Every structure is written in structure tokens, then in C-alpha cells.
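Undergrad: Kindly generate the corresponding structure for this input.
(2 chains)
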Protein chains: 2
Amino acid sequence: MARFSVTYCIGVASETEARARALEIAVEQTVEIPRDIVPAGYIEDEILGQIESVYPCTDTRGGFLTEISYSEDDIGDDFPQLLNIVFGNSSIRTQTRVETMTLSPAITKLLSGPRFGIPGLRERTGVKQGPILMSAIKPVGLSTAELAGLAHQFALGGMDYVKDDHGLANQKTSLFAERVKACTDAIGDANAKTGFATTYVPNITGPSDQIFERAFMAKEMGAGGVMLAPSLVGFDVSRALAANLDFGLPIVSHPTFGGTNVITPTSGFSHRFFYGTLQRLMGVDAVIYPNFGGRFSFSREECLAIVDGCTSDLGGLKPILPAPGGGMTFERVPEMRDAYGDTVMYLIGGALLREKSDLPAACRKLIDAVRTGR
Amino acid sequence: MARFSVTYCIGVASETEARARALEIAVEQTVEIPRDIVPAGYIEDEILGQIESVYPCTDTRGGFLTEISYSEDDIGDDFPQLLNIVFGNSSIRTQTRVETMTLSPAITKLLSGPRFGIPGLRERTGVKQGPILMSAIKPVGLSTAELAGLAHQFALGGMDYVKDDHGLANQKTSLFAERVKACTDAIGDANAKTGFATTYVPNITGPSDQIFERAFMAKEMGAGGVMLAPSLVGFDVSRALAANLDFGLPIVSHPTFGGTNVITPTSGFSHRFFYGTLQRLMGVDAVIYPNFGGRFSFSREECLAIVDGCTSDLGGLKPILPAPGGGMTFERVPEMRDAYGDTVMYLIGGALLREKSDLPAACRKLIDAVRTGR
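TA: Next up, the predicted model:
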């Protein structure tokens, strides 16, 4: 069988230690029994992880990189099991971080990837080039009418996408179904006036046995996309929705509850993998993550690595839009243009909500700044 | 509305900084807009997180603990949104760790908790006191017949629970449905011979839109419990299964893919919360985690904190069994008895599989050692 591979950064001092740890990973991620009792033949030759290379890591962390290959036979037919092989029990080891991954034919067959990606998201908006803009209706606690009012104003201002805040669920102040209906209508009204094509993206959460129902309910009510939080609802929900021909809406991924996967440089996943590679495997079309220089600690370099993970070649899966958020302001547009260029979805919430005396005008000013650099 | 609270450890040097960070958490986890534009009235008074206290952390990490209360109105009616409030975007902040949580009436109404817990797991096994034992069939790559053969021998040896390795999914060497049938039959045969009541616990994974179907398929085929990995399949699947009257099987939780939530002392969750409190909220009956002194880095104190999280009062939710695994051997029984006493499910895999010349005898020897301390 063909093999795919994962490259890990191992924080140890010598190559000997690195080789020992690499073997531990190869065993832990597959057979999970002591190396000396791994059955000879198929299991040892095929199922067991194989160390392809061990070499020094050249960045400031030091340590060693090791590429380990796994058999397609390790996976079976489900995506959670692929992730389980990539970083299952080894996620519980310190000084062990997933850096990159290569795919194999069975994986690209199993995972259809993003249905829309950057081309599809652009097509929906009519914005053929330049950055795309998204805002969020919030805070939790506003009534459905108030939230729909905000959606209406964002749409009048020409924002490309308007999403729910990720804290909007099915609270009594704004029940899910009522909100989706009201916001879809409000944005439709605005689009009819302006000629823009603003898309509403509700937050899909809820009990696990109702989550697909809620996604389809949103579609039937006219939503133009959905947002979900993979670290809360599981990593396969977006894949299943993206693969479902009857669904057919873009999917935006929210980073809530998943931060520990990246914030420690010597454990978890590289930013590039977690917010880039993984999202494309999950079938996500745009990925929200905290921008550099905001209230979170991501560096500019980490953010640019995410862009690379979203857009560079990955077994033919579509490129997706990085959507940096978390503290964007008007003043930051120039440095964001400098960092991201045109391949970005600006996510701006609080700074726009501050301009409530004339929200549509504030949106237009922002769009102008983002698209023209003025 | 009633409020519930979460206590966070914040790694800063002064109380002034701690209060500033506490306010950031209170805002981030709820309204997620700048504090100065939070609408007055209901949203500011009720929806916004409230700092209940800030006091120095007395353990070696230093820093400050802050208790923040949230309104039941923040939640709506789904468990993922509760987790989103407990630690959503704040999971992406360094020096911020969830330590403990108090419940409120609406939460204990929303979450029925473990259906079985320790009393139910004991009742199934007939082991009224003393530790309970579980082993695992593995490695991946064995045929269904070979895996069922191992299950048969473990059952002949009198193990209380026999689970799938968490890497057993739906691979061509052992398809899920065939394996569940074969192992259920093999264990049933052994039980008929021995008079023991060994229970088979298959691993439930798979596409998100088939996971409930697989759990029910396992039940229909005679499995006596199920295992799942919440960090892969999402945190609400076990809750939904535990709450479903038609399901009615114990649930074992596996820690794969979730390690980054605990392994950095200054971020994520305390061991007590993640492997104790959270599991009970999820409706899990036994939680697998890496034992101290094995191949993972958990300390004895962290493991005892997990036991406390599994068993101490939590709004009337049943206590659950801690199931330490990951490198248990015969030699370690005395120190494990010393640490865990009777309230524990010993998970032993590789060390038993080493004794393949007479696996049932090795099981009996282990059970004898565990239950009598010899």
C-alpha cells in the first residue's frame, strides 16, 4: 500500500535521542505495543510507522525533525482515524509537535476537501480580486431583531460576508431558527437595495445529534454559508458537510476551544498545519484565526505560515481563505495589506460596532481602505 | 438567572495585571466586544462574565487564580456552547488555564451526566469492591479472528472489561461490524464456560454522520459498552449517547488527540478538570488517561487530582472510574494500589500481550495481584 507521512519536531538534544523518540512515535501512533512484540510480517512491515528521516531543526527551538510514514491500511475509511494516526496518543507527549504532512492517493480519495475554496468564495461575492471582508453580529444577549438590524446595516455597507458571533447558539434572547430567518431576510432586503451580494453565515452548534439538521435548516432558510468550531463539534462535521452534495454551502471554521493545539511551540501542531493543512483536509473554505498584533500572541511569521498552509499545494485540494481576526482596527489596514496582500478575508467586528451612528458608512470606509490601500 | 463559575489560573506577576486579565477573560468568553461598548442593562449586568474573586495561586506556578461567573443565559440549550463559555477563545491565550468549575441548576438540568458511573460499572462486572480490570485487543493489522481470539483469552482469564485498541476503526483487516460480532461471540463463549461476566467495549469512531449508527450497531450486536475519543469526535457525542434512553450502555473515554489540553501547566485545563469534571459533564462512565511513571509525563499528584475530579461532589452527577493506562506492568501494581486504592480501573495492554503463551493465566495472576495486593 502507498504511505503518507507526518513530520514531527522533537525537542531533544542529540540525534540518538531523536531517533529513539521517533521510534516511540512510530510505535505509539500505530501498534501501541512494545516494539519487541510487534508481530513479524505485515504488521511490522506495513502497519508500523516507519522512520523516513531524522535531521536537525534549524529554527530557534532547536531539536530534531523526523519524518515518519504510515500505511494507508492504518486508516480504514474514516477521517478521525487519520487524525488519530497523525497525532493520537503522541499529543500527550511534551516536546513533540506536528509540523507538516504529505498525503497519499487513498487520503485524497477519502477526503474531497473544500468544495468552494478561494475561487468559490470569490464567486459568491463577485469580488474577483483583492481582499474579501467579513463582519460579525454580536454580542450575545441582543434580541433577534437587534442582531438582524446589525446584519442589515453591514449588508447595506457592502460587507461580503456577515457571520454570527461564535457565541450565538440557541439562547432565549435569540433562538437559532428565528435568527437565521430574520438575518437572511434582513440581508436579502439590503442586497435588493444595494445590488451587493452580501452572504449570511450563521453559527452552527448544538447537540451532536442535531448538528447536521441545523446546518440543513440554515441552508433551507437561505443562509449562504455556515460557520462551525471543529475543536468543539469534532473534526469530521465539516468534512461530512463539504462532501454532501445536497448541502453545498461554504464552511467557515472558528478557532474557539482549540487554542492549546498551537500556543505552546514545542507541543501540538504548527500553525501552518492546524490552521492550514488540517482545515483543508476538513473541507473548510475559510479559516478564522487570531491575527498577529491583536490581543492574542500569534506572530507575523506564524500568520504567514498559516497563509502558506491555506494556499500551497496539498494533493490537489483547493486553496482556502485565511481569515485573521481578533482585534483588527482601521489603523491596522496598511500592515495587514503588507502581510497578506489580496489573499485574505478581513474579519472585523468590534471596531465596526464602535461606529454605530452610521455603520454602513463605516463599512464602506473600511472596504475602501482595504481594497485601495488608502 | 442563576450563575455558574469557572476558576482560571493566570500567569502574571501582580494582582493589578491579574485583574486586567480576568476582565479580558470575562469579556472574551461572553460578549467579545470592547468593554467600553458593552450595552448597559441586561447584557452588561447578566450576559457579561463577572469577576467574583482574584487571589494568589499558592502552587509552584505562581500567578493568580480568578473565579469568573457566567449567566445560564449565556448557554442556551447545548453543551458545546457551555464549553465555549468555559474556555472558548481564551484557550488561545497563553498563561491562562481552567482549574475548576461550579455548576448551576440549568447546567445539571441540561446535562444528565454519567448514566452508570462507578456503581453501574461495578454492577455489570459483579465486582462489588476492589479495583476493576480492563485490557485491550491489539495491534491494528491483526485479523478479526485473531482479535476475537485475544478477546476470548482475556475473558477466559477473567478480565472485567475488554476493549478495542483505540486504533481499531474500520480497517480492511478487521471491519467494524465483523469485529464487534466476532468479539461479542468470543467473549460470550468464554463467559458461558467460566461464569465470569466479561464485557466487550468496542471503539466507536467513523464519519460524524454515522457515529450514532455505529454505537447503536454495537449495542444491537451485544457489546456491553462503548469507547470513544471526545477530542476527535467532539465533546457532545458521549453526552448525547448517555442521555439517550434507548442506548443505555456505559461509555469509556479515550484521551487520544487531546493531550495538548493538559500537558502545558500554564495553558489548557487542569488534569482534574479535563479528565475528571469534563468527563462527567460529557456523560462518560470511565476515563482513560496516562498513568504516572509510564511513558507519559503525568505526575502522581496530577493523577490523584484526576481521581478527585472523577469522584468528588459535582452537582449530583455520578462519580466515574479513573482508568490509568500507558505502560502498566505487573511490577507496578503495589505503587498503583498505594496511589489509587480500590477506586480505579486498571488498564493493562502490552504487558499482558507479552504473556501470549498462556494469556488467561497471566490475566488471573494480574487480577490476583491487583485484588489481593500479593
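Undergrad: Tell me the secondary structure of A:Tyr55, please.
TA: Here A:Tyr55 is strand, with the state taken from DSSP: H, G, I helix; E, B strand; the rest coil.
Undergrad: again, but for A:Cys363
TA: Secondary structure assignment for A:Cys363 (three-state DSSP): helix.
Undergrad: Any idea how many residues pack against A:Asp246?
TA: When neighbours are counted by other C-beta atoms under 10 Å in any protein chain shown, A:Asp246 registers 7. From N, CA and C alone the C-beta is placed, and that goes for glycine too.
Undergrad: A:Leu111 and chain B, how far apart?
TA: Per C-beta to the nearest C-beta, to the nearest Å, A:Leu111 is found 11 Å from chain B.
Undergrad: Now the closest residue to A:Phe196 other than its chain neighbours, what are its backbone angles?
TA: By the measure of C-beta to C-beta, 6 or more residues apart in numbering or on different chains, the closest residue to A:Phe196 outside its immediate chain neighbours is A:Gly158, 5.0 Å from it. Phi and psi for A:Gly158, reported as degrees, to the nearest 10, are phi 90, psi 20.
Undergrad: show me what contacts A:Gly158?
TA: A:194, A:196, A:198, A:360, A:363-364, A:367 (C-beta atoms under 8 Å, 6 or more residues apart in numbering or on different chains).
Undergrad: By mean pLDDT, flag the weakest helix or strand of chain A.
TA: Counting by mean pLDDT, DSSP states H and E, chain A has its least confident helix or strand at helix A:350-353, which shows a mean of 88.
Undergrad: So which of the contacts of A:Gly158 is the closest to B:Gly259?
TA: A:Thr198 (41.1 Å; C-beta to C-beta).
Undergrad: still on that earlier bit, quick one: list the elements packing against the least confident helix or strand of chain A.
TA: helix A:359-372 (3 or more C-beta pairs under 8 Å, 6 or more residues apart in numbering or on different chains; DSSP states H and E).
Undergrad: top of the contacts of A:Gly158 by neighbour count?
TA: For these, counting by other C-beta under 10 Å, the largest number of neighbours falls to A:Thr198: 28 neighbours.
Undergrad: Got phi/psi on the residue nearest to it when sequence neighbours are not counted?
TA: Distances taken as C-beta to C-beta, 6+ apart put A:Ala155 closest to A:Thr198, at 3.9 Å, once the chain neighbours are dropped. When quoted as degrees, to the nearest 10, the phi and psi of A:Ala155 stand at phi -70, psi -40.
Undergrad: Mind telling me which residue of the stretch 101-250 of chain A is nearest chain B?
TA: A:Gly234 (2.8 Å; C-beta to the nearest C-beta).
Undergrad: Wait, that residue touches B:Ala229, no?
TA: No. Counting by C-beta atoms under 8 Å, B:Ala229 is not a contact partner of A:Gly234; they are 9.8 Å apart.
Undergrad: Those two - which one has more neighbours?
TA: A:Gly234 (29 against 26).
Undergrad: what about that one, distance to B:Ala169?
TA: 15 Å (C-beta to C-beta, to the nearest Å).
Undergrad: Next: A:Thr66.
TA: 25 Å.
Undergrad: Which secondary structure state does the residue nearest to A:Phe269 when sequence neighbours are not counted sit in?
TA: The shortest distance from A:Phe269 to any non-neighbouring residue, by C-beta to C-beta, 6+ apart, is to A:Val98 (4.6 Å). Three-state assignment for A:Val98 (three-state DSSP): strand.
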